[in-house]
Structures are given as C-alpha cells and as structure tokens.
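**Student:** fold the following, please.
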Amino acid sequence: MGGYSSEVAISLQSGAVVYEHLDKEKYNVYKVHILKDKWVLVDKKNLEFPINKDDFSADIKGKKVIFDAVFNAIHGNPGENGTILAYFDLIGIKHTSAPFYQMALTFNKRDTLSVVKNYGISTAISVYLNQGDQINVDEIIKKVGLPCFVKPNNAGSSFGISKVHTKAEFMPALEMAYQEDSELLIESFLDGTEVSVGVIQHKGITRVLPITEIVSENDFFDYQAKYEGKSQEITPARISKSQENRVIEISKRVYDILNMRGFSRSEYIFVNDEPHFLEMNTVPGLTEASILPQQARHAGISLTELFGDAIETALTH
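**Tutor:** This is a model prediction of the structure:
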C-alpha cells in the first residue's frame, strides 16, 4: 500500500482494510508501505523494518521474512500502472493483480480506449494532447462539443479532471490536468445514467458484481463525490433488465479483451440504452465505503472471502 502518486493516502486506507479483513488464522499478514522515500514493513506497534529490494524480504529482529504473495492495494504509480508488478515478476513473487502489461495498458486511458474501440465497444468522442502540442481550441470544441471533460491520461481518483462548460474554461482546465500528467484526454460529455461495474475472478470464474449507479451532487463524479460523500452510490442500479444484461455482457467482454485478472471496476454511461465505456480501474478503492466492497456485500461476498479469494487465485497462477 502507499505509492508515489496523489492517491497515496487513499491507498493506505485501502491497504489497512485489506489487512484488517484477511483471515489471520489462514495467513501471516504483513503491512508493507511502498513510498517514494522508503519501502518498509510496518508491524503492529508501527515499528518500521526496511524492505530489501533484492528479494522483497524484510529482516525483523534477526528473522528474515519472505512473502508467498503480495496483495496489491497501491492505487496509481507504481501499483496500478504495472511498474512494481514487473519487478515482482522478475523476482518470482505472486501478486493479486493482472500481468504488468495489462496493468500498464489499462492505466493509460487513451490506449485502453484505442483497444476497446477496435472491438466495437462504444466510447465517448475523444481528442488526445501531449504537453507542448499546438492547441486549436475551436477545432477541439467542434469535435467533442461543450460541455466536455479534460482529464489527465494517467491519473486516478479524479485528480486533475475538469468539466468544461465554456471556451473560456478550456485553457485553465488544460493547465490543471497538465499538473498531473504530460498526456491529456479530452472527451465529449455523455448525458445519461452512469454506472460502475465491478468484475472479479471469484472461485476461478469471471463474475460481474451487482451494478452501482452513480448520482453525483457535484457537476460530475469528482474527488469530493468519490471520497467525501458528495454522491449517491445506489446498488443495485436503477436500470432496466435489458440495460443490466447489456452492461454485464459488455463488461465481461471488456475484461476479456483487456486480458484482465483480479479485481477491476469500470465506469459506463448509458446513451440510448447502450453502455459507453469510460475507463477501467485495476486497483479500485477497497475501503469499507468504496464501491467494489459495497458491490461484493450485495453479492453476499464478505471482505474476508473477497480478499482471501484474490490471494488464493494469485497463488495458483
């Protein structure tokens, strides 16, 4: 848990929940904080023991601790973008996430959209920008329309995202997004019901969890809406049976297209009953209030079972 991005505090919360709910009679569970300035194992008394990066072990008072598996609760860099998972692959440690390339791909919103569009999955109209690109605001607005969204390409938790209503708001929105990333994604506004769909591997099969409808009190599902209660998350979503069947079918397909493993949570917006794919989170929030744990509860899956099954799946891969 932890990480190198703006999401470090949220990751530490997610990691603490996983630690709390994993079955201690079945597993020896350790908290490991991966931070920019240190990698440390943190014991019950909050004492820190450095992680040896040669083999990801820790020395606790003369006893060497080697791990069988890692539960990845790092949102953003380096857990969700695949970096640390490539390292685990190199040193032969099992982990609960998808292979590192799949993680890197899905962390890049632009590249994910390019892949799923190719399979006929509906998405918003989008424009990509790299820092330093020439910007013709009128041309971009003509293509995506107003309002539109300006998003950092590689960031999570809605950091740096703006909903742009007027031409005057466009450049400040770019400035804000460039503080998070050097690549931006500008997308058309889709007017419809937004749903969040959790897809997991559970007992060896790909399973879509009960669907959550997102009703933001703010202008969109931003950081406040996600983490500070400024939204209603309604599970199960108030959608028709045909909409539900369609989004389940598309979600499974996207999970397979992207070669996913482990947990994922994707956002869709219905336009004329057709779900439009927005993005996929491969290390979704795992706090008690987060969407995926809520969905698991509705499916009758306890957090102990949800997290334990992720470890079992990792160990058998």
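**Student:** only C-alpha atoms from now on, for both contacts and neighbour counts.
**Tutor:** Will do.
**Student:** tally of neighbours for A9?
**Tutor:** Using other C-alpha atoms under 10 Å, A9 has 15 other residues around it.
**Student:** just checking, it is part of a strand?
**Tutor:** No. Counting by DSSP: H, G, I helix; E, B strand; the rest coil, A9 is located in no strand; its state is helix.
**Student:** what's near enough to touch the closest residue to V254 other than its chain neighbours?
**Tutor:** Using C-alpha to C-alpha, 6 or more residues apart in numbering and skipping residues adjacent in sequence, the residue nearest V254 is V116, 6.9 Å away. Counting by C-alpha atoms under 8 Å, 6 or more residues apart in numbering, V116 touches V254, I257, L258.
**Student:** same check, this time on G262
**Tutor:** By C-alpha under 8 Å, 6+ apart, G262 lies in contact with T96, S97, A98, I200, Q201, T282, A310, T313.
**Student:** chain neighbours aside, what residue packs nearest to it?
**Tutor:** S97 (5.2 Å).
**Student:** surely that neighbour meets N281?
**Tutor:** No. At 11.3 Å, S97 and N281 do not qualify as touching, with contact defined as C-alpha atoms under 8 Å.
**Student:** neighbour count winner among those two?
**Tutor:** Neighbours were counted for S97 and for N281 using other C-alpha under 10 Å; S97 has more, 27 against 21.
**Student:** so the more buried one lies in a strand, does it not?
**Tutor:** No. According to three-state DSSP, S97 belongs to no strand; its state is coil.
**Student:** okay, now K31: neighbour count?
**Tutor:** Around K31 there are 19 residues (other C-alpha under 10 Å).
**Student:** for it, give its distance to L174.
**Tutor:** Per C-alpha to C-alpha, to the nearest Å, K31 is found 38 Å from L174.
**Student:** ok, and what's touching stretch 33-40?
**Tutor:** Contacts for stretch 33-40 (C-alpha under 8 Å, 6+ apart): M1, G2, G3, Y4, L12, V32, L41, V42, E48, F49, P50, I51.
**Student:** restrict that stretch to CA atoms and write it as PDB.
**Tutor:** What follows is stretch 33-40, C-alpha atoms only, in PDB (Å, rounded to 0.1, in the frame of the first residue of the first chain):
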ATOM      1  CA  HIS A  33       4.400   0.700   2.800                       C
ATOM      2  CA  ILE A  34       5.800   1.400  -0.600                       C
ATOM      3  CA  LEU A  35       6.700   5.100  -0.500                       C
ATOM      4  CA  LYS A  36       9.000   7.400  -2.600                       C
ATOM      5  CA  ASP A  37      11.500   7.700   0.200                       C
ATOM      6  CA  LYS A  38      11.200   4.200   1.700                       C
ATOM      7  CA  TRP A  39       9.900   0.700   1.400                       C
ATOM      8  CA  VAL A  40       9.200  -0.600   4.800                       C
END
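**Student:** buried ones in stretch 265-273?
**Tutor:** R265, S266, E267, Y268, I269, F270, D273 (16 or more other C-alpha atoms under 10 Å).
**Student:** from A124, how far off is the third one?
**Tutor:** Yep, that's E267 we're talking about. Using C-alpha to C-alpha, one obtains 12 Å as the distance from E267 to A124.
**Student:** shared neighbours of the two, which are they?
**Tutor:** Contacts common to E267 and A124, judged by C-alpha under 8 Å, 6+ apart, are F277, L278.
**Student:** who's in contact with S6?
**Tutor:** G76, F159.
**Student:** model confidence for it, exactly?
**Tutor:** If you check S6, the pLDDT there is 83.
**Student:** can you confirm it is in a helix?
**Tutor:** No. Read with three-state DSSP, S6 is coil and lies in no helix.
**Student:** where's it relative to Q102, distance?
**Tutor:** If you go by C-alpha to C-alpha, the gap between S6 and Q102 works out to 22 Å.
**Student:** so which of the contacts of V116 sit within helices?
**Tutor:** Secondary structure from DSSP state H places V254, I257 of the contacts of V116 in helices.
**Student:** possible to save the contacts of V116 as CSV with distance to E288, pLDDT and neighbour count?
**Tutor:** Output for these, formatted as CSV (distance: C-alpha to C-alpha, whole Å; pLDDT from 0 to 100; neighbours: other C-alpha atoms under 10 Å):
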residue, distance to E288, pLDDT, neighbour count
V254, 26, 98, 21
I257, 30, 96, 12
L258, 27, 96, 18
